[in-house]
Each structure stands twice: as C-alpha cells, then as structure tokens.
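Chemist: build me a model from this:
(one chain, ligands or ions: 3)
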Amino acid sequence: MAQSSPQGKKKGKRFAPLPTLAAAEGQLPWRLAFSAKLGRHAVADRDLPAGTLILTEKPLVAIPRSKAAGSVCHACFAELPDSLKKKGKEGFNPCLPRYCAACKASGGGAGPAAAQSRARALCGLAAAFVEHELLHLLVLLDVRRSGAAEAPVGVPLAPPQPDGAPPLLRCTAADADALPPPWHHKPEPWRKAVTAALRPLHRALAALEAAAALPGYRAASLAQLQSDAAMLICNLQGVGAEHAGQDSGVGLFPAAASLNHSCRANCHSVTMGQTMHVRTVVDVVAGQQLTLCHAPQYEPRPVRQAALLQARVAERGLACACERCIEPLATSTDRFLEGVWCLACTVDVLVAVPPGTPEAAAAAARYEEQLAAWDAEDAAAARKSRKGGKKAAAEEQQQQGQEAAPEAANGSAAAEEEADGKEGQQEGLEGEQAEAEPAYLCVPAFLPADPPLPARLPARLPTCLPAANGPGDVMLQADKLWQQGAMLYQVKMAQLMPQAEEFLRQLQQGVEGRLHPYHSRIIDSLSPLISLALRRGDALAVFNYSALLWEAQHAVQARYSLSQLQYLNAIIDTSAAKAAHAQSAVVKRQFEKKLKAAQTTAAEIRRVLLGKS
Ligand SMILES: [Zn+2]
Ligand SMILES: [Zn+2]
Ligand SMILES: [Zn+2]
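Modeler: Ligands and ions are numbered 1, 2, ... in the order given. Have a look, this model is predicted:
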C-alpha cells in the first residue's frame with residue numbers, strides 16, 4: 001500500500017487507505033495510490049486487456065430497493081417466482097423477509113439465518129426507516145460496525161482463483177470510514193434535513209442497545225451516524241443490475257467505491273446476485289488510473305454534471321473534471337449530443353460557446369453575418385419568383401405529410417426529400433430574433449483541415465421549417481417534442497400511442513434533419529420507438545431503430561455498454577426473422593450478413609462486460 005503524501009496527512013480522512021485493500025495487496029492487479037491532482041485513485045499494476053476481471057466484492061451492507069422489495073429475494077435480489085411475490089406496492093420492511101428457494105436452502109453465513117435473527121431484532125425499529133433506504137442502510141452499517149448479530153467476516157472471503165481471477169472481498173466498516181466525503185462537505189440544507197431524520201433514529205438505536213436484543217450491540221453516536229450518512233449517499237451503488245435497467249437493490253461496496261468516476265471510464269461494474277464484478281472495458285496499460293462511470297453516458301455534459309451532483313447530493317463545488325468533460329467541445333464527440341447542423345457549411349454542428357468569451361463575440365458576429373447574407377439571398381430569390389416559390393413550398397408540405405417509414409441507413413428521412421430549392425427556409429427569421437440568439441460556434445473553424453470531415457448533411461437541406469429556425473429554436477422544438485412524446489408514451493394508454501409515436505418519430509428524424517443523428521434527444525427517442533414498434537410487431541422498424549441506436553451509442557462513446565447489448569439482441573432477433581421470411585435471395589443474404597455481424601459483436605460485449613460468451 002502506498003504511503004499517503006504530506007498533503008494527504010494534512011487532509012486526513014480523504015486520503016486514508018482501505019485496510020481490506022491493503023490486506024489484499026499483491027492478490028489484486030491494481031493498488032490505491034495518492035497524488036495531489038487525483039487524490040486517492042486506483043492504478044493498474046500491470047497491463048489489463050479489455051475484459052480483465054479486476055475486482056469481485058460482496059457488499060458491506062445492501063438492501064432491496066423499496067419499489068422492488070415485494071418482488072425480489074431479500075438475500076440475493078433475484079426476481080421471485082410470481083407465487084412468492086407480494087401483490088401491489090410494498091416498501092422494504094425487515095419484519096417481512098422474502099427469500100427465494102435457493103437462499104432459503106443455503107442459509108448460514110450472511111444468508112437468511114443470520115439475516116432473519118437480525119431482522120427480528122430490528123423489528124421494533126422498523127417504523128423509523130421503512131421506506132427510507134438511507135436510514136435502513138445506516139442501521140445495518142451501525143450493526144456491522146459493532147460486530148453484532150453476524151460473525152465478522154474475514155478478508156478475503158475466498159483465496160485468489162487458480163485462473164488468476166482476484167479474490168472475493170468483503171470490506172469492513174473500517175474501509176467505509178476511509179471513504180470521502182466528510183460530513184462538513186455536504187451543503188447545509190442537506191445536513192439540516194438529514195440531522196432531523198437522524199435524531200429519532202439515534203434515540204431508537206440507543207433503546208435497541210438498552211434492550212440488549214442484539215448481543216454485543218453498541219449504538220453509534222449521532223456524529224458517527226452523520227458521517228456515515230454523508231459517506232453512504234455518495235458511494236452507494238445499484239445491486240442486481242446484471243441487465244441494464246434492472247436495479248433491484250442498493251448497497252455499499254467500499255473497494256469498488258475507491259475507484260474514481262470518469263465519464264469515459266475504462267472499467268465497468270456488474271452485480272450478479274449480491275456480488276459485484278468489475279472488469280476493464282478497454283485495454284489498460286500498467287500505471288494507468290482505473291475508473292468507473294456513475295453518470296448517464298449518452299447525455300450531454302451539462303446533463304451528466306447535473307446527474308452526478310444529484311447522485312452525490314451536491315458535494316460542494318464538485319464538477320466532473322474527467323478527460324471527457326475537459327476536452328474542448330469542438331473536438332469532442334460530446335458536441336454531437338447537443339449539436340444542431342450548421343447550415344452555413346453543412347459539414348459539422350454548431351455548439352453554444354460560453355457567453356462573454358472572445359470566441360462567443362466572434363461566433364455571434366459570424367453567425368449574424370451569415371444570417372444577413374441568407375436574408376439578402378432569400379429576398380432576391382423571392383423577388384424573382386414570388387408565386388412559384390410559394391407553390392413549391394405548398395407541394396413540399398403535402399409530401400411531408402405522406403412521408404412514412406423511417407430511413408435505416410442514415411437516420412434522416414430528409415435525405416430522401418425531393419425538395420425544390422430553399423424557398424421558405426429562412427422565412428420569418430426577423431432581425432430581432434437573430435439578435436436574440438445565443439452565440440454559436442461552427443465547429444470546423446476549430447478543427448484541422450486534414451483529414452477533412454465527412455459531409456454528413458443531406459445534399460439538399462430540408463425545407464418547410466417552422467418560421468423561427470435558429471439553433472436555439474431547433475433545440476426548443478426538440479425539447480417540446482420529447483416532453484410531449486415521452487409524456488404520452490408514459491401514460492401507456494393504447495389510444496395515445498399513435499400520437500406519442502408521431503412526436504417521437506419527428507424527434508428521431510432530427511426535427512426535419514436539423515439535429516445531428518447522434519443528438520441526445522434522438523438517442524432518447526429511439527428506445528421508446530423500439531418498444532412501440534415491438535408492440536406493433538413491426539420487425540423492420542425494430543431493426544432500423546435498434547441499428548441507429550447501437551450506432552449512435554457506439555459512435556459517441558467508443559466502448560461497450562449493457563444497453564448496447566440489449567439493442568444488438570433486438571437486431572439479432574429481427575434480422576433472423578427477416579432473413580427467414582425474405583422474398584428474394586438478395587434480401588435474405590443482406591439480413592444474414594447483418595445477423596452474423598450483430599452476433600459477433602454481442603458475443604464480444606458479453607465477454608468484455610460479463611466475462612461469458
Ligand atoms: Zn435469493
Ligand atoms: Zn466527466
Ligand atoms: Zn459551419
């Protein structure tokens with residue numbers, strides 16, 4: 001274990017080592033290190049190719065999520081058979097334990113036998129924390145800390161595996177004590193609210209100690225509960241999330257929590273039962289920092305930052321400074337997630353630049369210059385053929401109404417439009433509106449000319465845009481389509497689905513081709529569109545939407561995720577069905593080729609993320 005630096009000693013807790021990791025040193029392919037810049041961080045001891053298992057860990061404490069408590073096993077968090085499920089909503093109450101057949105049979109250790117005796121002891125306390133996950137986890141951590149009710153777990157739980165896999169670890173409360181942040185780093189309103197909830201809990205724990213229901217139990221001080229609450233809220237992780245979207249429990253894994261966050265992480269964690277498995281997701285070389293991602297990967301920077309702050313309950317002044325977040329937007333794939341096509345060069349997207357900077361002033365001047373040039377062009381064109389232009393626009397509108405199936409190849413139906421000129425495109429863009437626009441910067445201005453960027457915009461620009469069509473207007477329209485589409489979709493009423501699908505389809509087509517195909521709103525729209533197409537039994541639409549989503553996710557973040565696996569499986573199912581029922585040999589071959597490619601990639605993702613083929 002590396003020694004803490006002089007600065008580290010001064011700051012105390014933030015740089016403390018984890019005793020369990022220190023004990024397991026030499027058995028893991030990585031270790032904790034300290035630096036002024038990164039604080040405590042995990043460093044690879046040797047080259048770790050993609051898919052290397054670097055950590056297996058049992059939680060120090062874990063409970064089922066309140067919303068899942070009626071339907072999952074309280075020991076392994078696996079979904080229960082229907083006969084054992086509680087109908088309707090049930091918060092997690094330790095007095096009403098539910099176990100699957102396998103967990104009931106195994107008993108012993110930290111399984112149901114010990115859990116049941118602990119649950120009985122905590123029954124009188126349950127009213128204080130049923131429905132409050134954080135309070136319940138605090139109680140369990142407190143019980144573990146005093147070593148009561150369950151035999152203290154030795155570390156490591158299992159020796160290193162013969163195949164070179166790391167030992168199975170279970171950390172202790174001493175490891176949790178080494179995790180940041182300290183209580184005083186939390187915002188004051190949060191500390192006030194939590195303290196109000198902790199006071200009655202503290203009294204109840206003191207009563208538990210007095211009643212001697214748990215042999216050897218000694219209640220924690222209020223200060224200890226506060227410090228644990230601050231640590232827990234920042235370090236909890238979902239459990240039972242082998243498949244994307246399934247999060248049946250929540251727990252504390254101190255060893256995994258000692259890896260720093262990055263929005264472009266090189267490791268990925270999956271829990272199977274209660275055991276967390278952390279694997280490298282790209283090739284890592286010796287000496288490199290190991291990171292995990294706790295933010296939504298396919299969202300723009302501001303959304304990721306907000307989600308991180310939310311998850312950590314706004315640790316003071318903490319903004320993500322990972323390599324993905326500090327890379328200039330103009331050269332980062334992040335620009336596609338919030339980018340609107342630049343109509344001046346039609347080569348790359350416009351990105352908003354921070355107001356008040358010299359770039360912002362230059363960009364605003366350039367943008368207004370361009371708008372003025374277009375206005376002059378349009379005025380000249382309108383003078384030339386006023387009547388003809390209006391007629392063409394009306395015909396165009398009609399065509400748009402009949403526009404049907406989504407495009408598989410490039411995600412933009414606009415490419416196929418037989419638009420006739422650009423009449424009407426800038427119509428209604430008044431001078432005042434152009435001035436009210438925020439400053440936008442066309443990205444190629446900041447990119448090297450060599451190699452040239454591929455021209456991704458349809459050769460003909462879409463016409464019939466609504467009157468106000470500056471970048472800000474396009475983003476407003478996208479937000480509106482998403483809100484309307486998602487709201488109707490979530491109501492889940494059959495008669496509303498066609499309308500929901502129409503809004504989402506307009507969004508998926510990039511608000512008439514103005515959004516980049518990897519825009520986060522387009523990515524957002526695809527998942528519900530796949531569900532709706534599945535419900536309709538439209539295999540071709542499922543295939544097309546899944547292919548677009550897979551491509552966008554992989555292009556934005558060039559590493560595998562479990563959600564990609566989900567969409568690849570949809571591609572596999574639909575292309576197999578399409579190949580089986582193809583009318584022509586050519587179509588059959590095409591789908592067979594796509595099927596094979598998807599199967600190969602899916603197998604590779606399973607190997608890297610799940611360690612199985
Ligand atoms: Zn179970
Ligand atoms: Zn980041
Ligand atoms: Zn441009």
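
Chemist: please count neighbours and contacts with C-alpha atoms only from this point.
Modeler: Noted.

Chemist: domain-wise, how is the chain divided?
Modeler: If you go by automatic domain parsing, the domain ranges for the chain are 6-324, 335-558.

Chemist: rank those domains by mean pLDDT and give me the bottom one.
Modeler: With a mean of 69, domain 335-558 has the lowest mean pLDDT of the domains of the chain.

Chemist: would you mind measuring from V587 to T56?
Modeler: 46 Å (C-alpha to C-alpha, to the nearest Å).

Chemist: next one: P187
Modeler: 33 Å.

Chemist: quick one: V270 is in a strand?
Modeler: Yes: if the criterion is DSSP: H, G, I helix; E, B strand; the rest coil, then V270 is within a strand.

Chemist: how near is it to R191?
Modeler: 31 Å.

Chemist: just how off-centre is the helix or strand A576 falls within within its chain?
Modeler: Taking DSSP states H and E as the definition, A576 sits inside helix 562-580. Mean-position distance between helix 562-580 and its chain equals 22 Å (C-alpha atoms, centre = their mean, to the nearest Å).

Chemist: ok, what's across the strand from L169?
Modeler: Beta-bridge partners of L169, counted by DSSP bridges, are E57.

Chemist: still on that earlier bit, of V587 and T56, which one has the most company?
Modeler: Neighbour count, other C-alpha atoms under 10 Å: between V587 and T56, T56 has more, with 22 against 14.

Chemist: is it true that the more buried one touches G273?
Modeler: No: in this structure, T56 is not within contact of G273 by C-alpha atoms under 8 Å, at 11.9 Å.

Chemist: joint contacts of the two?
Modeler: Common contacts of T56 and G273 (C-alpha atoms under 8 Å, 6 or more residues apart in numbering): none found.

Chemist: and T333, how far from V239?
Modeler: From T333 to V239 the distance is 30 Å (C-alpha to C-alpha).

Chemist: more neighbours, these two?
Modeler: It is V239, of T333 and V239, that has more neighbours when counted by other C-alpha under 10 Å, with 29 against 19.

Chemist: quick check: beta-bridge partners of the more buried one?
Modeler: G249.

Chemist: my guess is it contacts F253. True?
Modeler: No: the criterion here is C-alpha under 8 Å, and V239 misses it with F253 at 9.9 Å.

Chemist: contacts only, for the closest residue to ligand 1 within the stretch 501-613 of the chain.
Modeler: For the stretch 501-613 of the chain and ligand 1, the shortest gap (C-alpha to the ion) falls at L610, measuring 20.2 Å. By C-alpha under 8 Å, 6+ apart, the contact list for L610 reads V270.

Chemist: ok, L225 next?
Modeler: L225 touches 138, 142, 198, 202, counting by C-alpha under 8 Å, 6+ apart.

Chemist: run through who's touching the strand or helix carrying the third one.
Modeler: Here L198 sits within helix 188-211, counting by DSSP H and E. Applying C-alpha under 8 Å, 6+ apart, the external contacts of helix 188-211 come out as 125, 128, 135, 183, 214, 217-222, 225-226, 229, 313.

Chemist: by neighbour count, which of these wins?
Modeler: Busiest of those [other C-alpha under 10 Å] is L225, holding 24 neighbours.

Chemist: what does that one show for phi and psi?
Modeler: When read as degrees, to the nearest 10, the backbone of L225 gives phi -60, psi -40.

Chemist: do K492 as well
Modeler: Torsion angles, degrees, to the nearest 10, at K492: phi 60, psi 30.
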